[in-house]
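K.L.:
below: sequence and its predicted model.
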Amino acid sequence: MIKKSTNLIKKASKYIPGASYYTAGQNVPGLPEFILDRGNGAYVYTTKNEKMLDVTLAHSSLILGHNNPKISNAVKNQIDKGSAFTNITEPAIELSEIMSKTIPCAEKIRLVNSGTEASILATRIVRAYTGKNLILKFEGAYHGFADNLLFNTNYGNSKNWNDYPIPTPDSIGMPKTLNEEILIAPYNDLKQTKKIILKYRSEIAGIIIEPVMRGLETDQSFLEGIRKISSKENIPLIFDEVITGYRLSLGGAQEFFRIKPDIAIYGKALGGGYPIGAIVGNEKIMNFLDPKSSDKNRIFSIGSFHSNPISSIAALTCISELQNPQNYNKLNEFGDSLRAELSHIFSQYKIPYFMTGTGSIVEFFFTSKSVLNYRDTLHTNLKLKSLLSIQLPKNFIVGGGGRFTSSIFHEKKELDWLLEGINNSLREINSSGELEKSFEQNQDSLASATKMG
Ligand SMILES: Cc1ncc(COP(=O)(O)O)c(C=O)c1O
């Protein structure tokens, strides 16, 4: 059993709302009872010096593992030169060049500090470019915490959601007028999405999509269909590659699926553990970020730490390392082995499951049906997922109840550690009677959901 960091949690509760850096939506895990002190490769250590395997990796950012020596050394060298300047810097210029060479749609690049910031710029730029207003996003997709796209995400309360394409905000405090700016479509459902696009085509400024949405495997023909109709209707297509970028392949999902968007946004793995975001795209659109462009062809964009040399050098070093194709073989093989082995374990416990995800993004749901979009996930046994997320830390795994990911330091030993932890967790859940109960409760809640219509 893991030792609790009681005093630190107590202090955190006194000074930090909820002792947390996030507010919990329905799918956000509960608060940990331990505080992490340091990390190395695939592992993290608590303040009580207990070693845990990490398969969340700072929300899937640490593709080269914790405290990667190459990134850490590059950053330390840069610290000696200075951490921030009121100007673009050489690391930012070198990073932009390497991004342009590796990402198919990236003719020009703007570096920011997070995926959220990149999504703010992406929606502003397509509105400016098209002179239109509506943004189409998909139900269950998350593009950051800003007001512009915080509608019908996986963190929202789906019980209150309106029917497609009417959006529902996920937080109080958002301006009500924003409801008029967003359309919601079902993921992996080309027919319904096309209908919505055709109905509103004269008003849609852009379509934003996660090419692997929250870990759900994408139907290639769905993505191809979205690309085709958006090109035909002259609607810019934005790939949110914050998770997939530099994770599925060096060129991200657009290279993996061989589909080129007009714009893409980046974050997470790009920085190898340092805070960064980016918006990339074709020259014509990206020129809206050129200060020399005329007033009617320019959007506002500035940030005190945009293009800072620390995050830039970390990202540059990260991409340079990832240029070794062995790394992607390793990442994708880990994902494939994990999917196969988890399937085996779930079968042993006679738990119905649907395995999904792509490459090193591994997701699963407890159900005997297919899970192709967000609504499907709500009809699976989510109770069992949350029971699993409670058990994993007890087995020295920082994991949550799914969407596991890996770094280049996750190998056979780490796979075995994770599988043993899952096995132990399920054994515990089973022997306590919670496994059976979770399916009964699930049936009850499905029945009442059906009754409520
Ligand atoms: C697909 C996607 N887009 C955007 C974001 C927002 O990125 P950030 O947390 O860096 O603001 C996230 C974060 O989880 C994400 O998963």
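P.N.:
Perfect, thanks for sending it.
K.L.:
what residues does the stretch 301-450 of the chain have near the ligand?
P.N.:
Contact residues, the stretch 301-450 of the chain versus the ligand (C-beta under 6 Å from any ligand atom): none. Every residue, glycine included, has its C-beta placed from N, CA and C.
K.L.:
all strands for the stretch 301-450 of the chain, in order.
P.N.:
All strands of the stretch 301-450 of the chain, identified by DSSP state E, counting those that start in this stretch, fall at 354-358, 361-365, 397-398, 404-405.
K.L.:
columns mean neighbour count on top of the ones you listed, output as JSON lines?
P.N.:
Putting these into JSON lines (neighbours: other C-beta atoms under 10 Å) gives the following:
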{"stretch": "strand 354-358", "mean neighbour count": "21"}
{"stretch": "strand 361-365", "mean neighbour count": "24"}
{"stretch": "strand 397-398", "mean neighbour count": "22"}
{"stretch": "strand 404-405", "mean neighbour count": "30"}
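K.L.:
now these in JSON lines, with distance to P104 and mean pLDDT?
P.N.:
Output for the strands of the stretch 301-450 of the chain, formatted as JSON lines (distance: least, C-beta to C-beta, whole Å; pLDDT from 0 to 100):
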{"stretch": "strand 354-358", "distance to P104": "17", "mean pLDDT": "97"}
{"stretch": "strand 361-365", "distance to P104": "20", "mean pLDDT": "98"}
{"stretch": "strand 397-398", "distance to P104": "33", "mean pLDDT": "96"}
{"stretch": "strand 404-405", "distance to P104": "23", "mean pLDDT": "97"}
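K.L.:
in three-state terms, label the single nearest residue of the stretch 201-350 of the chain relative to the ligand for me.
P.N.:
With C-beta to the nearest ligand atom, the shortest gap between the stretch 201-350 of the chain and the ligand falls at V242, namely 3.4 Å. Judged by DSSP: H, G, I helix; E, B strand; the rest coil, the three-state class of V242 is coil.
K.L.:
that one contacts I265, correct?
P.N.:
Yes. Using C-beta atoms under 8 Å, V242 is in contact with I265, at 6.1 Å.
K.L.:
what's the overlap in contacts for those two?
P.N.:
Common contact partners of V242 and I265 (C-beta atoms under 8 Å, 6 or more residues apart in numbering): 115, 118-119, 143, 277.
K.L.:
just name the closest of those residues to K108, please.
P.N.:
A118 (13.6 Å; C-beta to C-beta).
K.L.:
tell me which residue of this protein lies closest to the ligand.
P.N.:
Counting by C-beta to the nearest ligand atom, the chain gets nearest to the ligand through G115 (2.3 Å).
K.L.:
quick one: contacts for that residue?
P.N.:
Counting by C-beta under 8 Å, 6+ apart, the residues that G115 touches are 143-144, 240, 242, 265-268, 277.
K.L.:
mind redoing it with 10 Å?
P.N.:
59, 61, 142-145, 240-243, 245, 265-268, 270, 275-278 (C-beta atoms under 10 Å, 6 or more residues apart in numbering).
K.L.:
what of N308?
P.N.:
Listed by C-beta under 10 Å, 6+ apart, the contact set of N308 reads 78, 82-85, 88-89, 91-92, 111, 113, 274-276.
K.L.:
which single one of those is nearest to W417?
P.N.:
Y274 (26.4 Å).
K.L.:
residues of the stretch 101-250 of the chain that sit close to the ligand?
P.N.:
Counting by C-beta under 6 Å from any ligand atom, the stretch 101-250 of the chain sits next to the ligand at 114-116, 119, 142-144, 210, 240, 242-243.
K.L.:
next step: these restricted to strands.
P.N.:
Judged by DSSP state E, those include D240 as members of strands.
K.L.:
circling back: would you turn the strands of the stretch 301-450 of the chain into JSON lines with distance to S231?
P.N.:
Shown next, in JSON lines, are these (distance: least, C-beta to C-beta, whole Å):
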{"stretch": "strand 354-358", "distance to S231": "24"}
{"stretch": "strand 361-365", "distance to S231": "27"}
{"stretch": "strand 397-398", "distance to S231": "42"}
{"stretch": "strand 404-405", "distance to S231": "32"}
